[in-house]
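A.B. asks: When you get a sec, could you give me coordinates for this:
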Amino acid sequence: NTQVILPTQTDKGTGIVYKILSGPASIANASIIVLTGKPGKVRVQGNANATTSATAVETIMEFCVNPVKPVISVTELSNAVLLQSSDDYTNEWFADEVSKAKNVKGIEITDSKTYTLQTIVEGCKSEVSAPYKAGATESQAISTISFSNRLQGSISTLELPSKTDKGNNITYTVVSGPVTVSGNKLSLTGQPGRVVVKGFSPAGLKYSAAETQFEFCVNPSKPTISIIEQATQYVFTSSAISGNNWYRNNIALNVTDRSINMVSTNLFTVQVIIDGCKSAFSSAKAASKEIVLAEEPMAKAGISVYPNPILNELNMEFGNTKINLVIINDLAGKSIYVNENVKTSKLNIDLKQLPKGIYIINLQTNKGEFSKKLLKE
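C.D. replies: I've put the predicted structure just below:
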């Protein structure tokens, strides 16, 4: 409305005189507010003089003439977009509903957020403009990166692409593995393991976001085997602290310990596997001779272990010998039976689920330690 009609008299019939204190308006015909067409806060004062029957009275009223809803115009620049308001009054810009800038007619943007605008004059606010969504119109890509597996201790620094095919910067982060990243330089730490690295370039005004992930192995060094001969066994030890996988005559033993205990002259090898990354196999090693475990001293101590070979059950009779510990190990040194609480002179062990093969039984008694080779059929 361009006019506001005011009352001409008080409730007592006294005439009222109006004047504009401030704002985009004027008084016409004594009691009509005429708006000028501009936005702002209008303040009007009304006065009624005293009479013989009524006291003087004064009132002040105010209201807003809100700015019209602004419109955003868009101008594409080389590396940005210029947004401008249709109004020359005080503007406040919002990016994703968060205040971005105030008291400016236009702003340059370089992101893909949603922008809106509101005009404010003397606290009187317009409706919020229709939104402008800065959107990517072209795709971009990061060059495919393919690294061959590396050997532990090899070249320590690798260079990655620094920009996408559209010339935008790429940020790299290490997902996992023995590596660090600085800019587009990848540095190996010297440890083995699987390296996983992610590259990312955010969306801009023209281009969508781009990302890639690549991985490769830093394979463990080729291990070596050392052998120590003991009275009842050979101890084979890998140079690698962890990740060991032992083989006898090229057949996996499913043993991952650093050391294994053996009595035979078979060929043993070891391979190190860390995070699925495999070393070369070690050179094959064998003991110089087969160790024959003493059985006669066990019989002299009054101890019987039978049958041998074993089909389902292993029987033991100890006579008057006190048994402190019974251990049965496979040839890889893995314990498959342990009894530290033998209170009877006889013991029966169910071994029908035990795989076929050669095992070693060790007895710790009050008469000494005894070992015997067992065959499971």
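
A.B. asks: which outside residues touch the helix or strand where Ile33 lies?
C.D. replies: Ile33 belongs to strand 32-35 when elements are defined using DSSP states H and E. For strand 32-35, the external contacting residues (Cβ atoms under 8 Å, 6 or more residues apart in numbering) are 1-6, 18, 20, 24-28, 42, 44, 65. C-betas here are computed from N, CA, C, even on glycine.

A.B. asks: mind checking how far the residue sitting furthest away from the middle of the chain is from Val74?
C.D. replies: Ranked by distance from the centre of the chain (Cα atoms, centre = their mean), the top residue is Thr52, with 86.1 Å. Taking Cβ to Cβ, to the nearest Å as the measure, Thr52 falls 68 Å from Val74.

A.B. asks: and the contacts of strand 32-35, which are buried?
C.D. replies: 18, 24-25, 42, 44, 65 (16 or more other Cβ atoms under 10 Å).

A.B. asks: re earlier: filter the contacts of strand 32-35 down to just the ones in strands.
C.D. replies: Among the contacts of strand 32-35, the members found in strands (DSSP state E) are 3-5, 18, 20, 25-28, 42, 44, 65.

A.B. asks: pLDDT and distance to Pro223 for the residues you listed - can I get that in TSV?
C.D. replies: Formatted as TSV, the entries for these read as follows, by pLDDT from 0 to 100; distance: Cβ to Cβ, whole Å:
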residue	pLDDT	distance to Pro223
Gln3	86	97
Val4	88	95
Ile5	90	100
Tyr18	94	101
Ile20	94	96
Ala25	93	93
Ser26	94	98
Ile27	93	101
Ala28	92	102
Val42	94	90
Val44	95	95
Val65	93	86
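
A.B. asks: immediately after the lowest-mean-pLDDT helix or strand in the chain, which helix or strand?
C.D. replies: The weakest-scoring helix or strand in the chain, judged by mean pLDDT, DSSP states H and E, is helix 296-300 (a mean of 74). The helix or strand immediately downstream of helix 296-300 is strand 304-306, counting by DSSP H and E.

A.B. asks: hang on, the earlier thing: which of the buried ones among the contacts of strand 32-35 lies closest to Gln271?
C.D. replies: Val65 (84.5 Å; Cβ to Cβ).

A.B. asks: Pull the number of nearby residues for the residue nearest to that closest one when sequence neighbours are not counted.
C.D. replies: Of all residues not flanking Val65 in the chain, Pro39 sits nearest, at 5.1 Å (Cβ to Cβ, 6 or more residues apart in numbering). Here the number of neighbours of Pro39 (other Cβ atoms under 10 Å) works out to 23.

A.B. asks: Surely Pro39 and Pro24 touch.
C.D. replies: Yes - here Pro39 reaches Pro24: they are 6.9 Å apart, a contact under Cβ atoms under 8 Å.

A.B. asks: any shared contact partners between the two?
C.D. replies: Common neighbours of Pro39 and Pro24 (Cβ under 8 Å, 6+ apart) are Val65.

A.B. asks: phi, psi of the residue nearest to Asp275 when sequence neighbours are not counted?
C.D. replies: In this structure, Asp275 finds its nearest non-sequential neighbour in Arg194, 3.9 Å apart by Cβ to Cβ, 6+ apart. As for Arg194, its main-chain torsions (degrees, to the nearest 10) stand at phi -90, psi 130.

A.B. asks: ditto for Asn315
C.D. replies: phi -110, psi 140.

A.B. asks: ok, what's across the strand from it?
C.D. replies: Tyr306, Asn348 (DSSP bridges).

A.B. asks: was I right about it contacting Lys346?
C.D. replies: Yes - judged on Cβ under 8 Å, Asn315 makes contact with Lys346 at a distance of 7.4 Å.

A.B. asks: Run through the protein and note the low-pLDDT ranges.
C.D. replies: Applying pLDDT under 70 to the chain picks out residues 1, 135-137, 205, 231-232, 263-264, 289-296.

A.B. asks: Pick out the residue nearest the middle of it.
C.D. replies: Most central in the chain (Cα atoms, centre = their mean) works out to Val175, at 7.0 Å.

A.B. asks: just to revisit the earlier point, closest one to Leu253 out of the buried ones among the contacts of strand 32-35, please.
C.D. replies: Val65 (90.6 Å).

A.B. asks: ok, now which ones touch that closest one?
C.D. replies: So Val65 contacts 23-25, 35, 38-42, 124 (Cβ under 8 Å, 6+ apart).

A.B. asks: With Phe236 instead?
C.D. replies: Contacts of Phe236 by Cβ under 8 Å, 6+ apart are 225-227, 246, 259-262, 268, 270, 285.

A.B. asks: mind redoing it with 7 Å?
C.D. replies: Counting by Cβ atoms under 7 Å, 6 or more residues apart in numbering, Phe236 touches 225, 227, 259-260, 262, 268, 285.

A.B. asks: Likewise for Ile336?
C.D. replies: Ile336 touches 328-330, 354, counting by Cβ under 7 Å, 6+ apart.

A.B. asks: let's see it at 6 Å
C.D. replies: Ile328 (Cβ atoms under 6 Å, 6 or more residues apart in numbering).

A.B. asks: Secondary structure class of it, three-state.
C.D. replies: strand (DSSP: H, G, I helix; E, B strand; the rest coil).

A.B. asks: Check Ala130 too.
C.D. replies: coil.

A.B. asks: Can you give me the distance of it to Cys64?
C.D. replies: 22 Å.

A.B. asks: go on, Pro192?
C.D. replies: Pro192 is 72 Å from Cys64, by Cβ to Cβ.

A.B. asks: more neighbours, those two?
C.D. replies: Pro192 (27 against 15).
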